[in-house]
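A.B. asks: Fold the following.
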Amino acid sequence: MLLLWIILATVTGGLIAVAIAHWLAYRVFAQYLHHMVSLSVGVLLSVALLHLLPEAFEQAGAGVHTLFGLMLASLIGFFVLEKIALLRHSHHHEHDGHHHHKGHDRHEARRGGVLILIGSSLHNLCDGVLVAAAFLTDPILGVLTAASIIVHEVPHKLGDFVVLINAGLPRRRAFGLILFTSLCTAIGGGVGYFVLQEAQTLVPYVLVVAASSFLYISVADLMPQMHERVAVSDAVPQLLLVAVGVAIIYGVTTFMHHGHDHSRDRAGTALEADHHRH
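C.D. replies: From the prediction side, this is the model:
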């Protein structure tokens, strides 16, 4: 029964987050897409540096040097993959004067944005493991953790939508891909339920790879686009939106951090009580 609650919470949470982000991307912010790139930079950098990496380092303990080595390898690896055009973001459109076969741009667009999807999938897998851990500690805590992840995922998914649209993907295709990455939370929840101890040892390393993908996409792809707009009238909104993205994730991460502290306290109390009984 507990497994059913974990799967239900992770699937429902993912669907709610994607639906809200989809509505914001295509209804509220559609006419401001180029400004949303700046917001995405703030969100992705903050998710990586304020949430994923601190969480990974806290869980890794003495393995900090290994995590930094993995981060370095991940960044270089993403660069190499993009260099050989496997993960290259295509900002190229049909009828732009380049002579390509019909459907070339659509094919290129499908490859664009793969990097952000890899990072999101890994991130969501870890979120699922965390939800499972919270449910195994206390079902009420599990519900609160799932709810906090929904709040965190909305701006994150909005950033994913912006990156994929900017890469040239059709809206329906972008929605389907982001929905798939969200369902990875349920996979992580199931894995966490059955092999939680083993999965927990892998979580820090997966978090570092996910964070590396967010850092790379922000610095190597999105920021150069922002620099293409050199007017002061463009620079000011860019800086403000980056700050808004940082503020959103900082607030959500602070809220989630308090929740994790309570989770650890309750887990520790439960383990101590079990020890005394035996």
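
A.B. asks: can we go C-alpha only for contacts and neighbour counts from here?
C.D. replies: Fine.

A.B. asks: Poorly predicted segments of the stretch 1-150 of the chain, please.
C.D. replies: 29-31, 33-34, 62, 84-113 (pLDDT under 70).

A.B. asks: ranges for the helices of it?
C.D. replies: Listed in chain order, the helices of the stretch 1-150 of the chain (DSSP state H, counting those that start in this stretch) span residues 2-23, 33-46, 53-60, 64-83, 104-111, 114-137, 139-166.

A.B. asks: which stretch among these comes nearest L179?
C.D. replies: Among these, helix 2-23 comes nearest to L179, with 6.5 Å by Cα to Cα.

A.B. asks: Kindly export the closest one (C-alpha atoms) in PDB.
C.D. replies: Provided in PDB are the C-alpha atoms of helix 2-23 (Å, rounded to 0.1, in the frame of the first residue of the first chain):
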ATOM      1  CA  LEU A   2       2.800   2.400   0.800                       C
ATOM      2  CA  LEU A   3       4.400   1.800  -2.600                       C
ATOM      3  CA  LEU A   4       1.000   2.700  -4.200                       C
ATOM      4  CA  TRP A   5       1.000   6.000  -2.300                       C
ATOM      5  CA  ILE A   6       4.600   6.700  -3.400                       C
ATOM      6  CA  ILE A   7       3.800   6.100  -7.000                       C
ATOM      7  CA  LEU A   8       0.600   8.100  -6.800                       C
ATOM      8  CA  ALA A   9       2.300  11.000  -5.100                       C
ATOM      9  CA  THR A  10       5.200  11.100  -7.600                       C
ATOM     10  CA  VAL A  11       3.000  10.700 -10.700                       C
ATOM     11  CA  THR A  12       0.400  13.300  -9.600                       C
ATOM     12  CA  GLY A  13       3.100  15.800  -8.500                       C
ATOM     13  CA  GLY A  14       4.900  15.500 -11.900                       C
ATOM     14  CA  LEU A  15       1.600  16.000 -13.800                       C
ATOM     15  CA  ILE A  16       0.600  19.000 -11.800                       C
ATOM     16  CA  ALA A  17       4.100  20.700 -12.200                       C
ATOM     17  CA  VAL A  18       4.100  20.100 -15.900                       C
ATOM     18  CA  ALA A  19       0.600  21.300 -16.400                       C
ATOM     19  CA  ILE A  20       1.200  24.600 -14.500                       C
ATOM     20  CA  ALA A  21       4.600  25.200 -16.300                       C
ATOM     21  CA  HIS A  22       2.900  24.400 -19.700                       C
ATOM     22  CA  TRP A  23       0.200  27.000 -18.900                       C
END
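
A.B. asks: Which residue ranges of the stretch 151-278 of the chain form helices?
C.D. replies: 171-194, 196-216, 223-227, 232-277.

A.B. asks: thinking again about what came up before, is it possible to get a markdown table of the helices of the stretch 1-150 of the chain that adds mean neighbour count?
C.D. replies: Putting the helices of the stretch 1-150 of the chain into a markdown table (neighbours: other Cα atoms under 10 Å) gives the following:
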| stretch | mean neighbour count |
| --- | --- |
| helix 2-23 | 20 |
| helix 33-46 | 24 |
| helix 53-60 | 18 |
| helix 64-83 | 15 |
| helix 104-111 | 18 |
| helix 114-137 | 25 |
| helix 139-166 | 22 |
